[in-house]
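K.L.:
Got a predicted structure plus its sequence, pasted below:
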Amino acid sequence: MAVANVAAGFTSLSFTSGAFSTSYMDVYSGLNGTGTLLGSVQLGSNPYAFAATSVTFSGVAQSFVLRGGSGQAGIDDVQITTVPEPETYGMMLAGLALVGVAARRKQRA
């Protein structure tokens, strides 16, 4: 079993995988594979040709767990969509406000 944590949270997970025996990728709402199981996918059984795979789930996850296969499974090219931090939204709103002020000043001139 292998666990990966993303403390900030993520909303999508895709990767390439291969396995010699039945293995699964599980996505959990908490760190270290705790909390609610949000989604799971069985990995392909061809260890010599890694296949593109994704886990479909709703909500925000904080960890994913590769289980089964007795150490005979692997993943690569992991891609996640992280949850933006609140500061990101604040900076975006401040930028939009500045653009609005600049446009308004330009109209008056």
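P.N.:
Thanks, I have it. Fair warning: this is a prediction, and the values are worked out from it, not measured in the lab.
K.L.:
Next, the buried residues of the helix or strand residue 52 falls within.
P.N.:
According to DSSP states H and E, residue 52 maps onto strand 51-55. Of the residues in strand 51-55, 53, 55 count as buried by neighbour count, 16 or more other C-beta atoms under 10 Å. Every residue, glycine included, has its C-beta placed from N, CA and C.
K.L.:
Check which element follows that strand along the chain.
P.N.:
With DSSP H and E setting the assignment, the helix or strand that follows strand 51-55 is strand 61-68.
K.L.:
Flag every buried residue along the next helix or strand after that next one.
P.N.:
Downstream of strand 61-68, the next assigned helix or strand under DSSP H and E is strand 73-82. Under the neighbour-count criterion of 16+ other C-beta under 10 Å, strand 73-82 has 73-75, 80 buried.
K.L.:
mean confidence score for strand 73-82?
P.N.:
Computed over strand 73-82, the mean pLDDT rounds to 87.
K.L.:
For that strand, name the packing helices and strands.
P.N.:
strand 2-19 (3 or more C-beta pairs under 8 Å, 6 or more residues apart in numbering; DSSP states H and E).
K.L.:
Could I get the CA-only coordinates of the strand it packs on as PDB?
P.N.:
Provided in PDB are the C-alpha atoms of strand 2-19 (Å, rounded to 0.1, in the frame of the first residue of the first chain):
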ATOM      1  CA  ALA A   2       1.300   3.500  -0.900                       C
ATOM      2  CA  VAL A   3      -0.300   6.800   0.300                       C
ATOM      3  CA  ALA A   4       0.100  10.300  -1.200                       C
ATOM      4  CA  ASN A   5      -1.200  13.400   0.700                       C
ATOM      5  CA  VAL A   6      -2.200  16.800  -0.700                       C
ATOM      6  CA  ALA A   7      -3.000  18.900   2.300                       C
ATOM      7  CA  ALA A   8      -4.400  21.800   0.300                       C
ATOM      8  CA  GLY A   9      -6.800  19.400  -1.400                       C
ATOM      9  CA  PHE A  10      -7.500  18.300  -5.000                       C
ATOM     10  CA  THR A  11     -10.500  17.900  -7.200                       C
ATOM     11  CA  SER A  12      -9.200  15.600  -9.900                       C
ATOM     12  CA  LEU A  13      -6.700  12.700 -10.300                       C
ATOM     13  CA  SER A  14      -5.300  11.100 -13.400                       C
ATOM     14  CA  PHE A  15      -2.200   9.000 -14.000                       C
ATOM     15  CA  THR A  16      -0.700   6.100 -16.000                       C
ATOM     16  CA  SER A  17      -0.600   2.700 -14.300                       C
ATOM     17  CA  GLY A  18       0.200  -1.000 -14.700                       C
ATOM     18  CA  ALA A  19      -0.200  -4.000 -12.400                       C
END
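K.L.:
No further queries at this time; thank you.
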